[in-house]
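Undergrad: the following block contains a protein sequence and its predicted model.
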Amino acid sequence: MADRVKINTESLLNIELPFIKVPYEQLRRLNKLCQKHIERDGAYLHTALDKSLTPTEARLADLDAIIARAAGLQVKLTDLHAQEASYVASSRARLDYLQHVADMATADDPRWREYTQGRLVRMTIDYLLRKNCVAAARLLAQETGLEALVDLALFDEMQRIEAGLARGSCAEGLQWCSENRSALKKIKSRLEFFLRLQEYIELIKQRKYMDAHAYARKWLVLWRDEHMQEIEHAMGLLACPVATTTCRLYQAMLAPEQWQVLRDEFRANCYALHSMAEQAPLVLTLQAGLTALKTPHCGHPGDIHVNCPVCRTQTLGTLAQRLPQAQHVNSTLVCRVTGRVMDDNNPPMVLPNGFVYSRDALQELAQNGDDGPITCPRTGAVFRLSQARKVFVT
């Protein structure tokens, strides 16, 4: 069968888009950060050097500050260059990896099995990372040699920002928004506004009403065109008794659960920014496979098949319960006893009680010779092998 299965390379590469997108986005952001540092510190150094041309004692004293600023810029750019080299190496490794996929034509290519096994490991690592099992994911990546093909650095950064939100700090999240502002604007992200709103609410909780009012005038008004209603509700907190309010709207705004909402919003934005699905690819792949196998008979006590994953109600069958059923144009007869396909070499055989099994299954069930008694697995009725009749399906 494998030698007749052609690989749809174009569709496969489309599925692997996030695989390439992640290091590209990291490189893009790093490039903008480098440009920001060069423009800001470069402008300062240029201005300071112009002022230092006059050889006065005060100007000569400023040279120490100029040298320190230039040294600081050099350290920043050196660190960013090291990160850039890492992302470039990751991109090159991934492109080379996918080039092997593009060169394959059929599933009998030995590289196809290697690719599918590697993809399963990558999906498993991705699932572990999404569940915050970073240490286990890192260990699996190291043992399989796939560090360059998984997004450990991205999830390290996500974990750092989420840790900040978990301890009640928006600083890390706001810095991330600043570094990705243009890309976030394209996906119409609301994360930065919600972070600013949460900082305002924290000032309200601390009863720093003047600081909260000044913060709102400085930051929240920037979003008045898109979030005027939320800003009006937030300004109402200035007149709200924080500890004793019974207004459900204000209770929700002041609730500690808002930090979890921010973590979920940040993660959704990060996934969207890198063209990653919000649901783990491992889960999506399992659901697609289970849907392709699911029939109206799956899971019924009298129709459980030994090799059907959907029929295993204690494991994968639980995941398949709410999935739709596949529509098959052509059906394949599979023996419920052996799990093998029934065809010309292994034809279906019907017993007198109407139940159908494969010829191989009946021969395995037969006792005491070729015509030994056969016990029907479903009803317990006993028949001779010679009583079975071949079924012709039209």
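TA: Yep, it's here. Numbering: from 1, shown residues only.
Undergrad: hey, which helix or strand in this protein has the poorest pLDDT?
TA: In the chain, no helix or strand scores lower on mean pLDDT, DSSP states H and E than helix 9-15, which sits at a mean of 78.
Undergrad: who touches it?
TA: 98, 101, 102, 104 (CB atoms under 8 Å, 6 or more residues apart in numbering). All C-beta spots, glycine's among them, are computed from the backbone N, C-alpha and C.
Undergrad: pull out the buried residues from these.
TA: Listed as buried from the contacts of helix 9-15 are 98, 101, 104; burial here means 16 or more other CB atoms under 10 Å.
Undergrad: residue 188: which of those residues is nearest?
TA: Of all those, the one with the least separation from residue 188 (CB to CB) is residue 98, at 30.2 Å.
Undergrad: helix or strand right after the host helix or strand of the closest one?
TA: Per DSSP states H and E, residue 98 falls inside helix 57-103. Sequence-wise, the next helix or strand downstream of helix 57-103 (DSSP H and E) is helix 110-130.
Undergrad: other SSEs contacting the helix holding residue 98?
TA: Contact analysis of helix 57-103 by 3 or more CB pairs under 8 Å, 6 or more residues apart in numbering; DSSP states H and E lists helix 9-15, helix 17-51, helix 110-130 as its packing neighbours.
Undergrad: now it against helix 17-51, angle please.
TA: 160 degrees (axes from the mean of the first three to the mean of the last three CA atoms, to 10 degrees).
Undergrad: mind checking how far helix 57-103 is from the chain centre?
TA: From the chain centre to the centre of helix 57-103 is a distance of 28 Å (CA atoms, centre = their mean, to the nearest Å).
Undergrad: got it, and stretch 206-218?
TA: That offset, for stretch 206-218, works out to 38 Å (CA atoms, centre = their mean).
Undergrad: sorry, back to before: now, which of the contacts of helix 9-15 sits nearest residue 288?
TA: Looking across the contacts of helix 9-15 and measuring by CB to CB, the closest to residue 288 is residue 101, at 18.6 Å.
Undergrad: isn't the closest one right up against residue 115?
TA: Yes: taking contacts as CB atoms under 8 Å, residue 101 lies within contact range of residue 115: 5.8 Å.
Undergrad: what is the mean pLDDT for stretch 379-388?
TA: The pLDDT scores in stretch 379-388 average 88.
Undergrad: ok, now stretch 131-141?
TA: For stretch 131-141, the per-residue pLDDT averages 94.
Undergrad: ok, stretch 94-102 next?
TA: 84.
Undergrad: neighbouring contacts of it?
TA: 7, 9, 12-13, 16, 19-20, 23, 111, 115, 118, 148-149.
Undergrad: and the residues you listed as JSON lines, adding distance to residue 208 and neighbour count?
TA: Shown next, in JSON lines, are those (distance: CB to CB, whole Å; neighbours: other CB atoms under 10 Å):
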{"residue": "7", "distance to residue 208": "62", "neighbour count": "16"}
{"residue": "9", "distance to residue 208": "60", "neighbour count": "14"}
{"residue": "12", "distance to residue 208": "55", "neighbour count": "15"}
{"residue": "13", "distance to residue 208": "54", "neighbour count": "14"}
{"residue": "16", "distance to residue 208": "50", "neighbour count": "17"}
{"residue": "19", "distance to residue 208": "47", "neighbour count": "22"}
{"residue": "20", "distance to residue 208": "47", "neighbour count": "17"}
{"residue": "23", "distance to residue 208": "42", "neighbour count": "24"}
{"residue": "111", "distance to residue 208": "63", "neighbour count": "11"}
{"residue": "115", "distance to residue 208": "57", "neighbour count": "18"}
{"residue": "118", "distance to residue 208": "54", "neighbour count": "15"}
{"residue": "148", "distance to residue 208": "48", "neighbour count": "17"}
{"residue": "149", "distance to residue 208": "48", "neighbour count": "19"}
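Undergrad: need the max-distance pair from the residues you listed.
TA: The widest separation within the contacts of stretch 94-102 (CB to CB) is 24.3 Å, between 7 and 23.
Undergrad: show the contacting residues for the most centrally placed residue in the chain.
TA: In the chain, the centroid-proximal residue (CA atoms, centre = their mean) is residue 280; its distance is 4.1 Å. Neighbouring residues of residue 280 by CB under 8 Å, 6+ apart: 123, 126, 127, 130.
Undergrad: can I have the buried ones of those as a PyMOL selection?
TA: Of the contacts of residue 280, the buried ones can be selected in PyMOL as follows, counting by 16+ other CB under 10 Å:
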select buried, resi 123+126+130
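Undergrad: will you turn the contacts of residue 280 into CSV that also has distance to residue 337?
TA: Converted to CSV, those look like this (distance: CB to CB, whole Å):
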residue, distance to residue 337
123, 33
126, 38
127, 35
130, 40
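Undergrad: re earlier: just want the angle from the helix holding residue 98 to helix 110-130.
TA: Using the same axes, to 10 degrees: helix 57-103 against helix 110-130 is 130 degrees.
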